[in-house]
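> Sequence first, then the predicted structure, then my questions.
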Amino acid sequence: MFWSATAIVTGVMATAIYAMATRDRERAFSTRRVLVGWGLIFPALTLSALMAFAFLRGEQLLAREDGAEVIRVHAERWEWRFAYPGGQQSDGVLHVPAGREFTVAITSGDVIHSFWVPRLGGKMDAVPGRLNRLRLQADRPGIYYGQCSEYCGQGHAHMQFEVHAHPPADYAAALAAADNVEAAPLPVLDQRSAPAGDIIERWTDRVFEALGIS
Ligand SMILES: [Cu+2]
């Protein structure tokens, strides 16, 4: 993206300077051809390709019911807590298996926060009373840094966490070692309870039904 954008900006600037420095009749190329080729066709192709890529990537970030591990994420000023399917809990560090997709089901105990691990994917808001899901994968074992990305008060800038991606063979042991047994269990929120969300869901169900999509 960076190098393509640099090439495009350089080309546009060079063309603009050339256009300013020459008269219409002196130019080495036809103005109309440049307008149609580089002004219409090129952006249409480039933007279509980028849009297709964005749709594909966006689809991969959607949580699906396919048996991938679901880790609950609870944000509260100003810390992150994580609860795993096996009942373990950790705070400040999210433990995941490397090279395997997992889903984070994110909620908040007070105000709106936002879960963001830049190297793993996009942001997802943590909203009280709602469960927002995000599908992620850490390709290689290692430490990935996460940060709250929705301003939530004085401690916001320090509301950070780490994702530790373990080799799948070591994951169970790492999780057991990290388990914070003294922590109070996280409140369970299984469904979206916002009335507006329910209404939208009913409507989309109806539209899908009418279109014959299940
Ligand atoms: Cu914040």
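Yep, it's here.
> Identify the residue spatially nearest to the residue nearest the centre of the chain, adjacent ones excluded.
Nearest to the mean C-alpha position of the chain, by Cα atoms, centre = their mean, lies Gly122 at 1.7 Å. Nearest non-adjacent residue to Gly122, counting by Cβ to Cβ, 6 or more residues apart in numbering: Leu61, 6.0 Å away. For glycine as for every other residue, the C-beta is placed from the backbone atoms N, C-alpha and C.
> Pretty sure Gly121 is one of the things that neighbour touches, is it not?
Yes. Between Leu61 and Gly121 there is a contact under Cβ atoms under 8 Å: 5.7 Å.
> any idea which helix or strand comes after the helix or strand that contains Ala19?
Using DSSP states H and E, Ala19 sits in helix 2-21. Where DSSP H and E defines the elements, the next helix or strand beyond helix 2-21 is helix 31-36.
> Which positions in this structure make contact with the ion?
His113, Cys148, Cys152, His156, Met159 (Cβ under 5 Å from the ion).
> any idea how far the residue nearest to Gly122 lies from the ion?
21 Å (Cβ to the ion, to the nearest Å).
> same thing with Gly87?
Taken as Cβ to the ion, the spacing of Gly87 relative to the ion amounts to 28 Å.
> Could you check how many residues crowd around that residue?
Residues near Gly87, counting by other Cβ atoms under 10 Å, number 9.
> How about the secondary structure of it?
coil (DSSP: H, G, I helix; E, B strand; the rest coil).
> Show me this structure divided up by domain.
2-61, 69-192 (automatic domain parsing).
> Low-confidence stretches in the protein?
Along the chain, segments meeting pLDDT under 70 span 190-198, 214.
> hey, where'd the strands end up in it?
Under the criterion DSSP state E, the chain contains strands at 69-76, 79-83, 89-91, 93-97, 102-108, 113-115, 124-126, 132-136, 142-147, 160-166.
> Redo those strands as JSON lines? Include mean neighbour count.
As requested, the strands of the chain are exported to JSON lines (neighbours: other Cβ atoms under 10 Å):
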{"stretch": "strand 69-76", "mean neighbour count": "20"}
{"stretch": "strand 79-83", "mean neighbour count": "21"}
{"stretch": "strand 89-91", "mean neighbour count": "19"}
{"stretch": "strand 93-97", "mean neighbour count": "22"}
{"stretch": "strand 102-108", "mean neighbour count": "22"}
{"stretch": "strand 113-115", "mean neighbour count": "26"}
{"stretch": "strand 124-126", "mean neighbour count": "22"}
{"stretch": "strand 132-136", "mean neighbour count": "19"}
{"stretch": "strand 142-147", "mean neighbour count": "15"}
{"stretch": "strand 160-166", "mean neighbour count": "19"}
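> will you turn these into TSV that also has distance to Phe29?
As requested, the strands of the chain are exported to TSV (distance: least, Cβ to Cβ, whole Å):
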stretch	distance to Phe29
strand 69-76	56
strand 79-83	56
strand 89-91	62
strand 93-97	54
strand 102-108	53
strand 113-115	48
strand 124-126	48
strand 132-136	48
strand 142-147	48
strand 160-166	52
